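J.: pasting the sequence and the predicted model now:
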Amino acid sequence: MKNQGQFSSKLQELLGPQGVVTDPSRLARYCADWSGDLAGIPLAVARPADTAGVAAVLRLCAGEGVPVVPQGGHTGLVGGAVPSPSGNELVLSLERLDRVRSVDPVNFSMVAEAGCVLETLHCVAQEHDLLLPLSLGAKGSCQIGGNIATNAGGVNVLRYGMARDLVLGLEVVLPDGRIWNGLRSLRKNNTGYDLKQLFIGSEGTLGVVTAAVLKLFPRPTQVQTVMLGLDSVSAAMGLYAAARRDLSDLLSAFELMPRGCIDLTLRAIPGLRDPLPTPAPVYVLMEASACGLVDLAELTERFLARRMELGGILDGIVATSQAQAADFWRIREGLVEAQHRHGRHLRTDVSVPISCLPGFLEQADAELARHLPAALPVVYGHVGDGNIHYNLLPPKGLPEAEVHALLEQGEALIFALVDRFGGSISAEHGIGRVKREPFEQRLSAEDRDLLRALRSGIDPHNRMSPGRLFA
Ligand SMILES: Cc1cc2nc3c(=O)[nH]c(=O)nc-3n(C[C@H](O)[C@H](O)[C@H](O)COP(=O)(O)OP(=O)(O)OC[C@H]3O[C@@H](n4cnc5c(N)ncnc54)[C@H](O)[C@@H]3O)c2cc1C
């Protein structure tokens, strides 16, 4: 193992005292991510202030043979940004690269550095009457570099796409310390391989994202947020298909939560209220947004009146204020926190073709009730993208070893069913360290060859986030 003191001194020479974390009381936050499932020990923590600083750190690490783990806002849920317990990896925090370099309201784009917190970028876009549509529950902490490295999705994917669809250009520091300048803001560029796409979703294994050109959109001036109670998942999926068509594709979010999820959040998060007067088996939180001359309120009202007549919808409320809309969203976004408070549990973020969701959920419920009756399923998701969090809470008081066995068996059951429906075992959180094994098990020989050729071509000495994503 490297001499920690000597290595930190070399980092300090490059980055100054602000650029290296040495104070033991500040180190803890760099050793684990939000999931809390894994923790490690860094050789050192570097906090460069700009792209040149990142490049200098990677050159030093290449020379010294030190592995590097890029770290954003620590909200990843698969342990990708957590250093290994070996104590030989450098944590490279992007938190000081937090400048918005420019906003171009005619090109509908902005150039932001990797360490910008997502919610800050929402505010900057809004100041220019623009929208950055990437949005997720962790928006107050996650960084745009982390979002890009994990190809984050979130609540607006069905209308605007994932991070991959929202990036026009990238600046990346390569494992040997060279800077790849792909910061182009072109809407159309058809000149062969689209290199930036390699780095999006690469989870820190190919290089360090230092800045990005992001697509922006006109800021919606009208938003309709609706909470509906329905009698079944099938009714919810029928509603989804109708809403896409009848709301002129202005639908931007469509979230499904069975009643059990509402109960769980209401119990865990103080100050939340039951969203509808009468409980329903299934809830849908949907949002449509528009700007310009469309009368969205009138369109939504006509749509809901027609759907109510057709049956399936038991009750519903259209938010009449931003505060009420925010309350609805707090229920949905509070779910992750509510499960976290329960303690160790199984988190999945699977996807199946949208039309297969009712069948998938029916079979998953039946198989889990048969094989693991003690586990409590907590099932919700961005079903407008076919993405469902089929999570399991173990009974309270179960010994740790039994919790582990139960969660492992639950995951295997759910993933086997995902395979049967032609789905994906990770629709949004990525692979990291936690999902590496099931990911590798599903790779074909051709997948493996292509993945290895890419990784070893860009990082021949396996220095970037070793052991994450695939071996
Ligand atoms: C409450 C909550 C809700 C969430 N909701 C969603 C959701 O709806 N959709 C979704 O997709 N995810 C969701 N997530 C997961 C998480 O927020 C995302 O994965 C997010 O994009 C991670 O960003 P981060 O800055 O926190 O990255 P980190 O957790 O710090 O890192 C994540 C990965 O990216 C790599 N990385 C970070 N920065 C860089 C960089 N600049 N260059 C190269 N690699 C880098 C790390 O090495 C690691 O592998 C949620 C998480 C929480 C806690």
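T.: Alright, I've got the coordinates. Numbers count the residues shown, from 1 in each chain.

J.: and the residue lying closest to Leu361 once chain neighbours are set aside, how many neighbours?
T.: Leaving aside its chain neighbours, Leu361 sits nearest to Val233 (5.6 Å; criterion: C-beta to C-beta, 6 or more residues apart in numbering). C-beta coordinates here come from the backbone N, C-alpha and C atoms, glycine included. Residues lying near Val233 (other C-beta atoms under 10 Å) number 23.

J.: hmm, Cys356 and Val233 touching each other?
T.: No. With contact defined as C-beta atoms under 8 Å, Val233 does not reach Cys356; the gap is 11.5 Å.

J.: for the closest residue to the ligand within the chain, what are its contacts?
T.: Residue of the chain nearest the ligand, by C-beta to the nearest ligand atom: Gly146 (2.0 Å). Gly146 is in contact with 72-73, 75-76, 81, 94, 114, 152, counting by C-beta atoms under 8 Å, 6 or more residues apart in numbering.

J.: just to be sure, it is in a helix?
T.: Yes. Assigned with DSSP: H, G, I helix; E, B strand; the rest coil, Gly146 falls within a helix.

J.: and the stretch 151-300 of the chain, which residues reach the ligand?
T.: Counting by C-beta under 6 Å from any ligand atom, the stretch 151-300 of the chain comes close to the ligand at 152-154, 203-204, 208-209.

J.: quick check: next helix or strand after the lowest-mean-pLDDT helix or strand in the chain?
T.: Least confident helix or strand of the chain, by mean pLDDT, DSSP states H and E, is helix 24-27 with a mean of 85. Per DSSP states H and E, helix 24-27 leads on to strand 42-46 as the next helix or strand towards the C-terminus.

J.: picking that back up, hmm, who's touching the least confident helix or strand of the chain?
T.: Here helix 24-27 makes contact (C-beta under 8 Å, 6+ apart) with 21, 42, 45.

J.: apply 7 Å and report the result again.
T.: Here helix 24-27 makes contact (C-beta atoms under 7 Å, 6 or more residues apart in numbering) with 21, 45.

J.: cool, and stretch 302-312?
T.: 230-231, 235, 238-239, 242-243, 246-247, 313, 316.

J.: tell me which two of the residues you listed sit farthest apart.
T.: Farthest-apart pair in these is Asp231 and Leu247; separation 21.5 Å (C-beta to C-beta).

J.: who's more crowded, these two?
T.: Set Asp231 next to Leu247 and count neighbours by other C-beta under 10 Å: Leu247 wins out with 20 against 14.

J.: that one and Glu298 touch, don't they?
T.: No. Applying C-beta atoms under 7 Å, one finds Leu247 not in contact with Glu298, separated by 11.5 Å.

J.: let me know how buried Phe108 is, in neighbour terms.
T.: 19.

J.: wait, what's in contact with the residue nearest to it when sequence neighbours are not counted?
T.: Distance criterion C-beta to C-beta, 6+ apart; nearest residue to Phe108, sequence neighbours excluded, is Leu216 at 4.6 Å. Taking C-beta under 7 Å, 6+ apart, we find Leu216 in contact with 108-110, 125, 130-132.

J.: ok, the residues you listed vs Trp329, which is closest?
T.: Ranked by distance to Trp329 (C-beta to C-beta), these are led by Leu131 at 16.1 Å.

J.: and the stretch 351-471 of the chain, which of its residues are near the ligand?
T.: 428-429, 432, 465, 468.

J.: one more pass at 5 Å, please.
T.: Counting by C-beta under 5 Å from any ligand atom, the residues of the stretch 351-471 of the chain lying close to the ligand are Glu428.

J.: please, where are all the helices along the stretch 351-471 of the chain?
T.: For the stretch 351-471 of the chain, the helices defined by DSSP state H, counting those that start in this stretch cover 357-371, 400-420, 436-441, 445-458.

J.: and the angle from the longest one to helix 357-371?
T.: If I follow you right, that is helix 400-420. With axes from the mean of the first three to the mean of the last three C-alpha atoms, to 10 degrees applied, the angle from helix 400-420 to helix 357-371 works out at 150 degrees.

J.: what's the spacing between helix 400-420 and its chain's center?
T.: Averaging C-alpha positions (C-alpha atoms, centre = their mean, to the nearest Å) puts helix 400-420 22 Å from its chain's average.

J.: now it: buried residues?
T.: 403, 406-407, 409-411, 413-415, 417-418 (16 or more other C-beta atoms under 10 Å).

J.: what distance do you get for the spatially closest residue to Ala471 that is not a sequence neighbour to Asp33?
T.: Take Ala471 and drop its neighbours on the chain: the residue closest to it by C-beta to C-beta, 6+ apart is Glu440, 7.0 Å away. Separation of Glu440 from Asp33 (C-beta to C-beta, to the nearest Å): 21 Å.

J.: what of Phe7?
T.: From Phe7 over to Asp33 the distance is 23 Å, taken as C-beta to C-beta.

J.: make a markdown table out of the residues of the stretch 151-300 of the chain next to the ligand and add pLDDT and secondary structure.
T.: Shown next, in a markdown table, are those (pLDDT from 0 to 100; DSSP: H, G, I helix; E, B strand; the rest coil):
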| residue | pLDDT | secondary structure |
| --- | --- | --- |
| Ala152 | 97 | coil |
| Gly153 | 93 | coil |
| Gly154 | 88 | strand |
| Glu203 | 98 | coil |
| Gly204 | 97 | coil |
| Val208 | 98 | strand |
| Val209 | 98 | strand |
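
J.: export stretch 186-199 to CSV, keeping only CA atoms.
T.: The C-alpha trace of stretch 186-199 is given here as CSV (Å, rounded to 0.1, in the frame of the first residue of the first chain):
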residue,chain,number,x,y,z
LEU,A,186,-24.5,21.2,-31.5
ARG,A,187,-28.1,19.9,-31.9
LYS,A,188,-27.0,17.8,-34.9
ASN,A,189,-23.6,16.2,-35.4
ASN,A,190,-23.4,13.1,-37.4
THR,A,191,-19.7,12.5,-37.6
GLY,A,192,-19.3,8.9,-36.7
TYR,A,193,-19.0,7.5,-33.2
ASP,A,194,-20.7,9.7,-30.5
LEU,A,195,-17.9,9.6,-28.0
LYS,A,196,-19.7,11.5,-25.3
GLN,A,197,-22.2,8.7,-25.0
LEU,A,198,-19.4,6.3,-23.9
PHE,A,199,-18.9,8.3,-20.7
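
J.: how about it, which residues are buried there?
T.: Residues of stretch 186-199 classed as buried by neighbour count (16+ other C-beta under 10 Å): 196, 198-199.

J.: restricted to helices, list these.
T.: 196, 198-199 (DSSP state H).
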